[in-house]
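S.K.: need coordinates for the following:
(one chain, ligands or ions: 1)
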Amino acid sequence: MLIAKDMMTTTELYEIAKLVAHYPVARAACIDVLKLVQKNRRYISDDILAEVARILGMSISELDEVATFYNLIYRQPVGETVILLCDSVTCWMMGRNKIAKSIMDNLTIKDGETTADGKYTLLPIVCLGHCDHAPAMLMGQTLVGDLDSTKINKLLPKA
Ligand code: FES
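M.R.: From the prediction side, this is the model:
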């Protein structure tokens, strides 16, 4: 069976060219280009990574090293909303694991998984800089602190 190759659109190629023009060398734009492409596609597939690498004059492994170093670049499909639950020390001391359990119970997923309807993905992340309101999480673009199960039940009610 022939599987269609994941390819970038002309609009994406145009946006990348515009972005790259701001940098002295194309490869310097790699993180911004990955973020731009991810915004349209939610994650960076192998085909897209290879295409971006070719455009930026990088090897696939060089670009993959960058993509996998930054934990906000996703190399696997994620849900519409990514929930990044802090697992650093302050949040851990303030009950992060209890919060993780509430989220997993409500969404019927495990850590690192995506809900069956593709709406949410739960991932761990290092300190979000919101330690004075620990435990904290980033839900999509929204930083939420002082988490407890009541708050989780409001934000992510049981299906
Ligand atoms: S330790 Fe969780 S926000 Fe800093």
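S.K.: around the ligand, pick out the residues from the protein.
M.R.: With Cβ under 6 Å from any ligand atom as the criterion, the chain meets the ligand at residues 86, 88-91, 127-128, 130-131, 134, 136. Yep, even glycine has a C-beta here, placed from its N, CA and C like the rest.
S.K.: who touches Ala159 in this structure?
M.R.: By Cβ atoms under 8 Å, 6 or more residues apart in numbering, Ala159 lies in contact with 106-108, 115.
S.K.: OK, contacts around the residue nearest the centre of the chain?
M.R.: Nearest to the mean C-alpha position of the chain, by Cα atoms, centre = their mean, lies Leu72 at 4.2 Å. Leu72 makes contact with Lys35, according to Cβ under 8 Å, 6+ apart.
S.K.: Asp32 now?
M.R.: Counted by Cβ under 8 Å, 6+ apart, Asp32 has contacts Leu19.
S.K.: now do the same for it: its pLDDT.
M.R.: Looking at Asp32, its pLDDT stands at 96.
S.K.: from Met58, how far out is it?
M.R.: Distance, Asp32 to Met58, using Cβ to Cβ, to the nearest Å: 14 Å.
S.K.: same check on Ile44?
M.R.: For Ile44, the distance to Met58 - Cβ to Cβ - is 13 Å.
S.K.: neighbour count for these two, which is higher?
M.R.: Using other Cβ atoms under 10 Å as the criterion, Ile44 and Met58 rank with Ile44 on top: 23 against 18.
S.K.: doesn't that one belong to a strand?
M.R.: No. Applying DSSP: H, G, I helix; E, B strand; the rest coil, one finds Ile44 to be coil, outside a strand.
S.K.: tell me the contacts of it?
M.R.: Going by Cβ under 8 Å, 6+ apart, Ile44 touches 34, 37-38, 52, 67, 73-75.
S.K.: what does Pro77 give?
M.R.: Pro77 touches 42-43, 114, counting by Cβ under 8 Å, 6+ apart.
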